[in-house]
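Visitor: predicted model follows, preceded by the sequence.
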Amino acid sequence: MPEADHEERGGFGGAPKFPPSMVLEFLLRYGAAAKTSPGEEPAVLMAERTLEAMARGGIYDQLAGGFARYSVDADWVVPHFEKMLYDNALLLRVYTHWWRLTGSSLARRVALETADWLLAEMRTPEGGFASALDADSEGVEGKFYVWTPEEIREVLGEEDGAWAVGLFEVTGTFEHGASVLQLLADPDDAE
């Protein structure tokens, strides 16, 4: 992959893209041990590009938290909708380490949301954890994760719906005019 693509998209290669948890963990640890400040350390900056691209893209569930198994495209937009326990456990650790190293508010939010999602959705009645959530919902891949502009406006009303459509990049990135939600930039008002 050309350097410009890597810098823009994050990650280490083309599609499909799997979250490189162990590589990111290494980069953060290397950066923490370096003599430069984390904000200037190339290893940390490399990790941050990928961590931010994943957290802002469709591979991350912008409403409920948690990461899908992988992205089918090179831009982290369209996920394979299956959510795996081990992926999310490793990513929770990486985002927590990123937060601890840099104080990133994005890292903090993603770590907390992922932990909440794991406890709410993956815990079993017996007290253990399920290994995965299926990619199919009611026989349709990603049914509960994609939205059309009309569905968002129906749920939120016209004014808030129009704002959310723009904020979450609901532009038809998936099938039948639906979109996987992305949060490419934080809103001015976090609430």
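Guide: Great, that's in hand.
Visitor: looking at the protein, which residue ends up farthest from its center?
Guide: K35 (29.9 Å; CA atoms, centre = their mean).
Visitor: hang on, that residue in a strand?
Guide: No - going by DSSP: H, G, I helix; E, B strand; the rest coil, the assignment for K35 is coil, not a strand.
Visitor: confidence score at it?
Guide: We have a pLDDT of 74 for K35.
Visitor: that one and E41: what is the separation?
Guide: For K35, the distance to E41 equals 9 Å [CB to CB, to the nearest Å]. Placement of C-beta: from N, CA and C, glycine included.
Visitor: got it, and Y60?
Guide: Taken as CB to CB, the span from Y60 to E41 is 24 Å.
Visitor: between these two, tell me which one has more neighbours.
Guide: Counted by other CB atoms under 10 Å, Y60 and E41 do not tie: Y60 has more neighbours, with 26 against 22.
Visitor: the residue sitting nearest the centre point of the chain: what's its closest spatial neighbour, skipping adjacent residues?
Guide: Taking CA atoms, centre = their mean, the centroid of the chain lies closest to Y60, which sits 2.6 Å from it. Closest residue to Y60 apart from its sequence neighbours, by CB to CB, 6 or more residues apart in numbering: F67 at 5.5 Å.
Visitor: the one you found contacts P19, doesn't it?
Guide: Yes - under the criterion of CB atoms under 8 Å, F67 makes contact with P19 at 6.2 Å.
Visitor: common neighbours of those two, please.
Guide: 54, 59, 87, 91 (CB atoms under 8 Å, 6 or more residues apart in numbering).
Visitor: which one of the residues you listed sits closest to E151?
Guide: I59 (20.7 Å; CB to CB).
Visitor: can you pull the contacts of that closest one?
Guide: Contacts of I59 (CB under 8 Å, 6+ apart): 17, 19, 67-68, 70-71, 76-77, 79.
Visitor: so for it, what's the pLDDT?
Guide: 95.
Visitor: tell me the phi and psi of the residue nearest to the centre of the chain?
Guide: phi -100, psi 130 (degrees, to the nearest 10).
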